[in-house]
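**Q** Turn this into a model:
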Amino acid sequence: MATVLVIDDSPSEMAKFRDMLSKNNFQVLEASNGEQGCQMAADHLPDVILMDVVMPEMNGFQATRKITRGKTTAHIPVIMISTKNQETDRVWGKRQGAKEYMNKPVDENGLVNMIRKVME
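**A** Got it, this is the predicted structure:
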């Protein structure tokens, strides 16, 4: 069973991701901010990380950069998921190391397919 770390400061978004992922046989780890997410990524080495962009203190771009450039976490694919849907956000996210960038609200099938794709 693949493990997905979801980093999102919204309890309602977290619940949606938890439901979608659990239903599709993923183990779900949860972090409510970028700093906690970076620590959990290092501690648990999940198979994939779903990263919100807009969060207090350390935003998703900063956390993605830290994870994708870390010695022990650089191999973990990050999918950024945000309400920020400008092309500049997408490009910037990829420049920070994200493998993919999706807009909220996410489609369950699209999300599951994207997770499987980045895990290959």
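**Q** do you know how far the residue nearest the centre of the chain is from residue 4?
**A** Geometric centre of the chain, nearest residue: residue 50, 1.5 Å, by C-alpha atoms, centre = their mean. Distance, residue 50 to residue 4, using C-beta to C-beta, to the nearest Å: 6 Å. For the C-beta atoms, the positions are set from N, CA and C on the backbone; glycine is no exception.
**Q** any common contacting residues for these two?
**A** residue 115 (C-beta atoms under 8 Å, 6 or more residues apart in numbering).
**Q** Show the pLDDT at residue 12.
**A** Here the pLDDT value assigned to residue 12 is 96.
**Q** go on, residue 84?
**A** At residue 84, the pLDDT value in this model is 87.
**Q** show me the contacts for it.
**A** Neighbour list for residue 84: 53, 54 [criterion: C-beta under 8 Å, 6+ apart].
**Q** now swap in residue 13 and tell me
**A** By C-beta under 8 Å, 6+ apart, the neighbours of residue 13 are 52, 104.
**Q** Which helix or which strand is home to it?
**A** helix 11-23 (DSSP states H and E).
**Q** Show me where this protein has its strands.
**A** Counting by DSSP state E, the chain has strands at residues 3-7, 27-31, 48-51, 78-82, 100-103.
**Q** for the third one, what is the average pLDDT?
**A** So that's strand 48-51. 98.
**Q** That one pairs with which strands, and in what direction?
**A** Its sheet considered, strand 48-51 pairs with strand 3-7 (parallel), strand 78-82 (parallel) by DSSP bridges.
**Q** State the distance from residue 116 to residue 13.
**A** 21 Å.
**Q** How about residue 37?
**A** Applying C-beta to C-beta, the value for residue 37 to residue 13 is 14 Å.
**Q** And residue 34, by the same measure?
**A** Using C-beta to C-beta, residue 34 is found at 15 Å from residue 13.
**Q** What is the neighbour count of the closest residue to residue 72 other than its chain neighbours?
**A** Spatial nearest neighbour of residue 72, excluding adjacent residues (C-beta to C-beta, 6 or more residues apart in numbering): residue 42 at 5.7 Å. Close neighbours of residue 42, defined as other C-beta atoms under 10 Å, add up to 15.
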